[in-house]
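>>> Pasting a predicted model and its sequence here:
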Amino acid sequence: MKIKLLPPAFLLLILSLTSCTTISMQGQSINESELSELQNKRLSQDEVAELVGTPTIFDPTIEPYRWYYVERIMSKKAFFEPKIIEQKIVRVDFDESGFSKDVLLLENSYREGISIEREYTETKGTETNQFQKFFKNFGRFNKAKKGKRVKGARR
């Protein structure tokens, strides 16, 4: 009797795990009225930051007069890789005096074959050896608080 119930219970468990979908929004959301104001008015950098917030991407060394605002809506099903459902990029260009001169909206630009780089730059100097990993938390959680003794602690 127990053996006959095991395959359907296992199948039900697998189906319930794979059917869980999570939708999340990442980045900076700019609504239609804010976008319209950006496109129709000549705003300073401070006014743009006050209207829609600080930019998602800004690199003063490469593009000092260009700000990017990126919004992504992602879908993740159980333990699978997340997928981009929608992506909106708003690019704001400024002139040398710090006032907006052009606003460009790129919607669903992820469909243009832009690949996401999965590699990262490894930082040196933060490696820990096996000895440090083992003793890292040794004694960390049984410290006395403000003169009170902890059970089992010796003087």
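Here it is on my side, so go on.

>>> mind checking which helix or strand of this protein has the lowest mean pLDDT?
helix 2-18 (a mean of 64; mean pLDDT, DSSP states H and E).

>>> Parallel or antiparallel, list what pairs with the next helix or strand after that helix.
Sequence-wise, the next helix or strand beyond helix 2-18 is strand 21-27, with elements assigned using DSSP states H and E. Using DSSP bridges, strand 21-27 pairs in its sheet with strand 66-77 (antiparallel).

>>> Of all the residues in the partner strand, which ones are buried?
Arg66, Trp67, Tyr68, Tyr69, Val70, Glu71, Arg72, Met74 (16 or more other C-beta atoms under 10 Å). Bear in mind the C-beta positions are built from the backbone N, C-alpha and C, glycine included.

>>> Mind putting those into a markdown table with pLDDT and distance to Phe131?
As requested, the buried residues of strand 66-77 are arranged in a markdown table below (pLDDT from 0 to 100; distance: C-beta to C-beta, whole Å):
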| residue | pLDDT | distance to Phe131 |
| --- | --- | --- |
| Arg66 | 93 | 48 |
| Trp67 | 93 | 47 |
| Tyr68 | 92 | 45 |
| Tyr69 | 92 | 46 |
| Val70 | 89 | 43 |
| Glu71 | 90 | 46 |
| Arg72 | 87 | 42 |
| Met74 | 87 | 40 |
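
>>> quick one: the strands in the protein?
Along the chain, the segments classed as strands by DSSP state E run 21-27, 66-77, 83-94, 100-107.

>>> And these, which one averages the lowest pLDDT?
Mean pLDDT is lowest for strand 21-27 among these, at a mean of 82.

>>> Would you mind listing the buried residues in it?
Neighbour-count burial for strand 21-27 [16+ other C-beta under 10 Å]: Gly27.

>>> And stretch 98-107, by the same measure?
Ser100, Val103.

>>> before we move on, back to that, would you list the strands of the chain in JSON lines and tack on distance to Thr56?
Shown next, in JSON lines, are the strands of the chain (distance: least, C-beta to C-beta, whole Å):
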{"stretch": "strand 21-27", "distance to Thr56": "5"}
{"stretch": "strand 66-77", "distance to Thr56": "4"}
{"stretch": "strand 83-94", "distance to Thr56": "9"}
{"stretch": "strand 100-107", "distance to Thr56": "13"}
